[in-house]
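Colleague: What follows is a predicted structure for the sequence shown.
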Amino acid sequence: MDLLKKYLGILWMLLGIVAGYYLIVSQAIPQFKSDNPEDLVPAIVYTFVLMPIISGGLLIFGWFAWKGEYDDEGL
Amino acid sequence: MNENDTSVSRKPGELWKVIGASSLGTLIEWYDFYIFGSLAVIISTKFFPSDNPTAAFLSTLATFAAGFVVRPFGALFFGRLGDIIGRKYTFLTTLLVMGLSTVAIGLIPEYKTIGFVAPILVLILRLLQGLALGGEYGGAATYVSEHAEPHRRGERTSWIQTTASFGLFISLAVILLTRNAMSNEAFLEWGWRVPFLISIFMVIVSYFIRRNMDESPLFKKIKTEGKLSSNPLKESFGNRYNLKFVLLALFGAAMGQGVVFYTGQFYTLSFLQRVCNIDFDQTNYIVGIAIFLGTGMFIFFGWLSDKVGRKVIMMSGMLLAILTYRPIYDKLYQIADVDQKKEITAKGYTSEKTEPVLDGDFGANEAKILTRYRFYADGTQLADVRKEYLDPQTGNTVYTSESLSVKLTKDNMSLMVLLIFLQVLYVTMVYGPIAAFLVEMFPVKIRYTSMSLPYHIGNGIFGGLMPTVATYLVARAQTANELAAERGEQLPFDKPYLEGLWYPIIITGVSFLIGVLYISNKKRIDV
């Protein structure tokens, strides 16, 4: 089980990267470029709130899992 | 004695006062938070005129920022205070901030009277509401759990979990009573302020009840021993050992819980109204009854989590949600879909009337309303409403809107109540034990800070985004189908109305996987 948790750490890190790419490239950048001022709010939220929390959180969580921080003995 | 010692003396009956005072305050905070949302349409006409781009921008900011972005910041700010100066004074402060902001919103003059000052004031007060909500829950959960018997922590804290549902109930009931107590014109003119203003009475009562309560015994103990944290933020998130638990609490529990909660209690409401076109009053009755029937289950699953562990119940709730959301929503859609019903054409008729409109909508002062009523063999009714807004000078149509309203039979309504009750059941499974679960993850000296942040990110951000993302996914699938139909191609989505469910299914799926693999089901008696 500990080995599975460790290797799934890579998946969580990849998920963090995918989430970051989606939030910035697919969502925030088109809205920053939009002429509609209302689009600016979600673009800022995606870039400065959601991306660091979701993407950064998953990257750190995945890294901890990869390093064995969540092994049964560690908890 | 060390900080993990839970040998705290408790007087009989005192615990119920603690639970009552904490739950009542949290209930009022939810009430205050919900009435803004429930009256959002009226508020937007009073403070955020849609024909003014700056006001519309401020409106978007108020929706986004207070709805979910500010809550985690409130969790950090008040969580830190709660770990330094105490739980009691902190959640007294959040109660006052929330209550006074609510009353103040009810007192702000309209945009037409004071111009841009009005939307800016509303925005500031809405941000304060979001901050206060972010600080409230962690305080109440920590306060109750630190008074509770260690083997009944799940049951005791589950009372706080019921407040989110009851807060919604009370807000809808107060709005409904206010509307029924006056004419529609009076409600639209000034009556909408009443639900905001009466919050002051509830806040005063709750403040005095809370003020007379003692500080949490565990907090007092570590304070006496000089073991308080001098920098709870640094210890919670800068310390690798604690940070890994914060992340685990977020991704393995709060994220899935938040999404299941928002799907069961908010998206379902939006789905019935916007996708199934169910009559507004019927929708509120259906969802209201289902939530009411399910509320007691918070206590049951909180109690059960004391017996069998928190993890097994929360993960079961998530799994059931993942497996059954699509069939449940498909059935909801089928029940309301008049295309599958046999129409009794002889009973159908059309009505026409002209009515004044609110605040000169679309530059008109009255609208011609054409309603075509259709009737179906199973008793379902459909009102196809077309509104033509008329220019006051020329009498020409300046804007046209169309809407559908389906009225169900009692049998079909009951079936919908059952389907939504199932979702509420999942909500109670994931939400009932979570306060105890989060409390047990963190030590007393950083508990308020450490548990508040994952909870509010899970609920405020992952959960709060749910209705917006799901509605977007449904609209995108419907547009793709329409474009394909125009080109004569095969439709890419078989059931576009179910596309919005991918968001809760995927997010809950990730949370379930992390929770099952990484979270322990061990009972943690000493905290």
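Modeller: Now that the structure is in, tell me what you want to look at.
Colleague: longest helix in chain B, by residue count?
Modeller: Identified as the longest helix of chain B according to DSSP state H is helix B:117-147.
Colleague: chain center to the host helix or strand of B:Val287, what's the gap?
Modeller: Assigned by DSSP states H and E, B:Val287 belongs to helix B:280-308. Computed by C-alpha atoms, centre = their mean, to the nearest Å, the chain-centroid distance of helix B:280-308 equals 14 Å.
Colleague: can you pull the buried residues of the longest helix of chain B?
Modeller: B:118-123, B:125-147 (16 or more other C-beta atoms under 10 Å in any protein chain shown). Every residue, glycine included, has its C-beta placed from N, CA and C.
Colleague: any low-confidence regions in chain B?
Modeller: For chain B, residues meeting the criterion pLDDT under 70 lie at B:1-12, B:50-54, B:56-57, B:60-67, B:358-364, B:522-527.
Colleague: Pop the domain breakdown of it in here.
Modeller: For chain B, the TED database gives the domain ranges B:12-338+B:411-518, B:343-409.
Colleague: Please state the offset of the first one from the chain centre?
Modeller: Which is domain B:12-338+B:411-518. In terms of C-alpha atoms, centre = their mean, the centre of domain B:12-338+B:411-518 is set 4 Å apart from its chain centre.
Colleague: The helix or strand containing B:Ala21 relative to helix B:280-308, how many degrees between them?
Modeller: Using DSSP H and E, B:Ala21 maps to helix B:14-38. Put simply, helix B:14-38 runs at 150 degrees to helix B:280-308, going by axes from the mean of the first three to the mean of the last three C-alpha atoms, to 10 degrees.
Colleague: Packing partners of helix B:14-38?
Modeller: Applying 3 or more C-beta pairs under 8 Å, 6 or more residues apart in numbering or on different chains; DSSP states H and E, one finds that helix B:14-38 makes contact with helix B:87-107, helix B:117-147, helix B:153-161, helix B:163-180, helix B:199-211.
Colleague: that older thread, helix or strand right after the helix holding B:Val287?
Modeller: The first helix or strand that comes after helix B:280-308 along the chain, using DSSP H and E, is helix B:310-336.
Colleague: what's in contact with the helix or strand following that next one?
Modeller: Toward the C-terminal end, the helix or strand that comes next after helix B:310-336 (DSSP H and E) is strand B:349-356. With C-beta atoms under 8 Å, 6 or more residues apart in numbering or on different chains as the contact definition, strand B:349-356 has outside contacts at B:365-373, B:390.
Colleague: buried subset of those?
Modeller: B:366-368, B:371, B:373, B:390.
Colleague: Taking the stretch 201-350 of chain B, what residue is nearest to chain A?
Modeller: Using C-beta to the nearest C-beta, the single residue of the stretch 201-350 of chain B nearest to chain A is B:Leu247, 4.3 Å away.
Colleague: how close does B:Ala21 get to A:Met1?
Modeller: Note on B:Ala21: its distance to A:Met1, by C-beta to C-beta, to the nearest Å, is 43 Å.
Colleague: Point out where chain A drops to low pLDDT.
Modeller: Along chain A, the parts satisfying pLDDT under 70 run over A:38, A:73-75.
Colleague: Any idea which residue is closest to the centre of it?
Modeller: A:Ser55 (1.4 Å; C-alpha atoms, centre = their mean).
Colleague: so it sits in a helix?
Modeller: Yes: under DSSP: H, G, I helix; E, B strand; the rest coil, A:Ser55 falls within a helix.
Colleague: so how far is A:Met13 from it?
Modeller: Using C-beta to C-beta, A:Ser55 is found at 10 Å from A:Met13.
Colleague: Repeat that for B:Ser351.
Modeller: Here the criterion is C-beta to C-beta. By it, B:Ser351 lies 61 Å from A:Met13.
Colleague: ok, back up a step: kindly compare burial across the domains of chain B and name the winner.
Modeller: Of all the domains of chain B, domain B:12-338+B:411-518 carries the top mean neighbour count, a mean of 21, counting by mean count of other C-beta atoms under 10 Å in any protein chain shown.
Colleague: Kindly indicate whether B:Gly395 is helix, strand or coil.
Modeller: Under the three-state scheme (three-state DSSP), B:Gly395 adopts coil.
Colleague: Just the strands from the stretch 351-500 of chain B, written as ranges.
Modeller: Using DSSP state E, counting those that start in this stretch, the strands of the stretch 351-500 of chain B run over B:366-375, B:381-390, B:397-407.
Colleague: For chain A, which of the ones you listed is the nearest?
Modeller: strand B:397-407 (20.0 Å).
Colleague: between the closest one and helix B:280-308, how many degrees?
Modeller: Comparing the axes of strand B:397-407 and helix B:280-308 via the same axes, to 10 degrees yields an angle of 50 degrees.
Colleague: just checking, what packs against strand B:397-407?
Modeller: If you count contacts as 3+ C-beta pairs under 8 Å, 6+ apart, strand B:397-407 packs onto strand B:381-390.
Colleague: Going by neighbour count, list what's buried in the longest helix along chain A.
Modeller: Taking DSSP H as the criterion, chain A has its longest helix at helix A:2-21. For helix A:2-21, burial by neighbour count (16+ other C-beta under 10 Å) applies to A:5-6, A:8-9, A:12-13, A:15-16, A:19-20.
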